[in-house]
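Trainee: Structural data only, the sequence is not supplied:
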């Protein structure tokens, strides 16, 4: 059932009401007897069931920031990126 939002211009009262689609809209303010105005508000929708995929929804963030890719990283070849890594050293044991 949808949630409708109403406001009374006379006293400024604002409230929400869950109503069926077939229910008539409210017209009279319970506080002051003024004429109610039905407000337009943003709604949310989430599709569920077969044919809809988990990837269609925004996921929860893991809290870890994604690494930023700079324009320098995009233009350099793979060998140049590898050269940035420190060289591995091996220690030889004398026998």
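Mentor: Noted; the coordinates are in hand. Predicted model, so just to flag it, every value in this text is computed and none were measured.

Trainee: Can you tell me which helices and strands the host helix or strand of residue 4 packs against?
Mentor: For residue 4, the element it lies in under DSSP states H and E is strand 3-7. Judged by 3 or more CB pairs under 8 Å, 6 or more residues apart in numbering; DSSP states H and E, the packing partners of strand 3-7 are strand 14-18, strand 37-39. Where C-beta positions appear, they are placed from N, C-alpha and C, glycine not excepted.

Trainee: who's in contact with that strand?
Mentor: 13-19, 25-26, 36-39, 41 (CB atoms under 8 Å, 6 or more residues apart in numbering).

Trainee: Let's see the ChimeraX selection covering just the buried ones among those residues.
Mentor: The following ChimeraX line selects those of the contacts of strand 3-7 that are buried, judged by 16 or more other CB atoms under 10 Å:
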select :36
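
Trainee: Same list, the contacts of strand 3-7, but as TSV with pLDDT and distance to residue 4 please.
Mentor: Below are the contacts of strand 3-7 laid out as TSV (pLDDT from 0 to 100; distance: CB to CB, whole Å):
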residue	pLDDT	distance to residue 4
13	94	14
14	94	12
15	93	10
16	92	7
17	92	5
18	91	8
19	91	6
25	93	7
26	95	8
36	96	10
37	95	11
38	93	6
39	92	8
41	77	8
